[in-house]
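K.L.:
need a structure here:
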Amino acid sequence: YIVVIFAIIIRSAIGFGSYSGFNTPPMYGDFEAQRHWLEITQHLPISKWYWYDLEYWGLDYPPLTAYHSWFLGKLGSLIDPSWFALDASRGIENQNIKSFMRFTVILSEIIIYTPAVFRFTRWNGRHIKQSPIDQTIAASMILFQPSLMIIDHGHFQYNSVMLGFTLLSIVHLFYENYMLASMFFVFSLGFKQMSLYYSPIIFFYLLSRCFNHSDTKASLFNRINYLRLILIAISTVISFVILFGPLFLFGDLENLSQSIHRIFPFARGIFEDKVANFWCFSNIFIKYRQLFTQQQLQLASLGLTLLGFLPACMITVLYPRKCLLPWSLSACSMSFFLFSFQVHEKSILVPLLPITLLYSTKNTDEIAMVSWINNIALFSMWPLLKKDGLLLQYMAVFLLSNWLFGNL
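P.N.:
I've put the predicted structure just below:
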């Protein structure tokens with residue numbers, strides 16, 4: 001409990017600072033985008049969520065984000081309905097709405113992400129015979145990952161919800177609850193499409209667990225656990241139907257199609273701003289947008305991304321071991337971050353989750369490697385955080401995390 005309380009205090013302290021788009025009309029930034037989604041989900045029917053005024057922060061995240069926004073908007077409207085008055089509340093920046101929005105991020109993280117972290121460290125601690133104190137230390141190191149803290153509670157987003165659902169999926173894979181694992185991963189996808197970075201490994205791990213690897217003499221078809229395969233498929237389909245079904249039920253097929261179109265914005269370009277990936281770096285020497293068409297860049301991005309995560313997928317299929325899962329997820333998601341299409345600076349949070357889980361190991365060299373990667377990731381987001389006016393928070397979380405990890 002002390003670790004959780006301290007984590008809340010640090011996150012609250014970060015929240016006293018600026019945020020994305022503060023005092024920068026007419027579009028403001030991510031804070032206004034998230035607040036605006038709470039606004040439109042309050043006042044519009046589901047059939048219009050993905051259509052309304054797309055030039056001003058149109059909803060472009062999967063439906064679980066919309067349902068999450070609807071719930072938080074209802075909660076906020078009980079306090080002050082003017083915070084989410086349709087159109088009239090655009091650009092609102094008073095201290096009360098800031099405090100409420102900051103509170104919703106902390107609340108969401110406590111409900112989803114924090115319990116997932118402790119469940120993971122508990123399972124891993126038992127597996128490698130860690131003491132309860134060591135398990136708590138590992139959990140605190142994961143909870144105090146600097147990049148996630150400053151993006152969610154400084155810049156302003158709800159990445160911890162997506163990452164929390166993914167982590168719950170990983171935990172249930174470890175406990176061999178495959179239906180629950182598939183359900184939680186669909187929820188992660190349904191909250192933020194960036195969790196697709198993990199999907200090849202999750203898919204191949206679940207598929208591989210449907211085979212009997214010990215009986216090498218039996219034919220391929222006789223080694224398949226058909227019941228497990230069917231149950232995983234049913235769980236996955238039902239989860240998608242629960243998330244996307246209301247878009248069709250209270251709208252139509254065109255409404256469902258519009259949501260998918262909004263979720264995958266291929267028209268934006270190969271990369272965004274100063275993201276630390278392959279395309280942004282090499283664009284210094286090769287001006288891709290001038291030399292190639294959008295379709296050519298999409299194909300090149302697809303090819304390099306596939307090539308990057310293929311080895312991790314092969315290892316997962318041939319050796320579906322629980323201890324290798326964080327490594328495989330790290331390699332796969334990092335391939336997406338480096339080579340995929342339309343990558344943002346904040347996307348580094350996706351590979352950072354499985355990488356940071358390696359803090360739970362006993363190997364000091366691995367812990368040192370994870371600390372180094374976390375520092376590099378935080379450094380890569382400096383242009384974004386500088387623009388947000390988060391210099392003090394940036395330096396504070398950098399020093400705090402390195403002190404906690406034993407680097408100072």
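K.L.:
just confirm L54 is within a strand.
P.N.:
No. L54 is assigned coil when assessed by DSSP: H, G, I helix; E, B strand; the rest coil, not a strand.
K.L.:
and the closest residue to it other than its chain neighbours, how many neighbours?
P.N.:
Spatial nearest neighbour of L54, excluding adjacent residues (CB to CB, 6 or more residues apart in numbering): R262 at 7.8 Å. The C-beta positions use only the backbone N, C-alpha and C, and glycine is treated the same way. When neighbours are defined as other CB atoms under 10 Å, R262 has 18 of them.
K.L.:
give me the residues contacting the helix or strand harbouring R262.
P.N.:
Counting by DSSP states H and E, the element that carries R262 is helix 253-263. With CB atoms under 8 Å, 6 or more residues apart in numbering as the test, helix 253-263 has contacts from 46-47, 49-51, 54, 58-63, 193, 244, 247-248.
K.L.:
out of these, which are inside strands?
P.N.:
Using DSSP state E, no member of those sits in strands.
K.L.:
now the two most distant members of the residues you listed.
P.N.:
S47 and Q193 (21.1 Å; CB to CB).
K.L.:
and the helix holding R262, how far out from the chain middle?
P.N.:
21 Å (CA atoms, centre = their mean, to the nearest Å).
K.L.:
show me what the helix or strand just after that helix is packed up against.
P.N.:
Following helix 253-263 in sequence order, the next helix or strand is helix 278-282 (DSSP H and E). Helix 278-282 sits against helix 325-339, with contacts defined as 3 or more CB pairs under 8 Å, 6 or more residues apart in numbering; DSSP states H and E.
K.L.:
please pick the buried ones from the contacts of helix 253-263.
P.N.:
Buried members of the contacts of helix 253-263, counted by 16 or more other CB atoms under 10 Å: 46-47, 49-51, 58-63, 193, 244, 247-248.
K.L.:
am I right that R35 sits in a helix?
P.N.:
Yes. Residue state for R35 (three-state DSSP) corresponds to a helix.
K.L.:
secondary structure class for F22?
P.N.:
Here F22 is recorded as coil under three-state DSSP.
K.L.:
looking at the contacts of helix 253-263, which are in helices?
P.N.:
P63, F244, L247, F248 (DSSP state H).
K.L.:
so which helix or strand of the chain has the lowest pLDDT on average?
P.N.:
In the chain, no helix or strand scores lower on mean pLDDT, DSSP states H and E than helix 288-291, which sits at a mean of 85.
K.L.:
elements contacting the helix or strand following it?
P.N.:
Using DSSP H and E, the next helix or strand after helix 288-291 towards the C-terminus is helix 294-318. In terms of contacts (3+ CB pairs under 8 Å, 6+ apart), helix 294-318 is packed against helix 199-208, helix 325-339.
K.L.:
contacts for the last one, please.
P.N.:
Okay, so that is helix 325-339. Contacts of helix 325-339 (CB under 8 Å, 6+ apart): 170, 173-174, 196-198, 200-202, 205, 277-279, 301, 304-305, 308-309, 311-313, 315-316, 343, 347-348, 350-351, 353-355, 357-358.
K.L.:
now for the helix or strand hosting H172, which elements pack on it?
P.N.:
Under the criterion DSSP H and E, the helix or strand holding H172 is helix 159-174. If you count contacts as 3+ CB pairs under 8 Å, 6+ apart, helix 159-174 packs onto helix 95-108, helix 114-127, helix 146-150, helix 178-191, helix 199-208, helix 325-339, helix 349-357.
K.L.:
give me the buried positions along the second one.
P.N.:
By neighbour count on 16+ other CB under 10 Å, the buried set for helix 114-127 is T114, A116, V117, F118, R119, F120, T121, R122, W123, N124, G125.
K.L.:
ok, which of the helices and strands packed on helix 294-318 comes nearest M183?
P.N.:
helix 199-208 (11.6 Å).
K.L.:
tilt between that closest one and helix 159-174?
P.N.:
Using axes from the mean of the first three to the mean of the last three CA atoms, to 10 degrees, one finds that helix 199-208 and helix 159-174 are set 20 degrees apart in direction.
K.L.:
give the other helices and strands that helix 199-208 contacts.
P.N.:
helix 159-174, helix 178-191, helix 294-318, helix 325-339.
K.L.:
got the contact list for it?
P.N.:
169, 173, 178, 181-182, 185, 189, 229, 232, 309, 312-313, 316-318, 320, 325, 328-329, 332.
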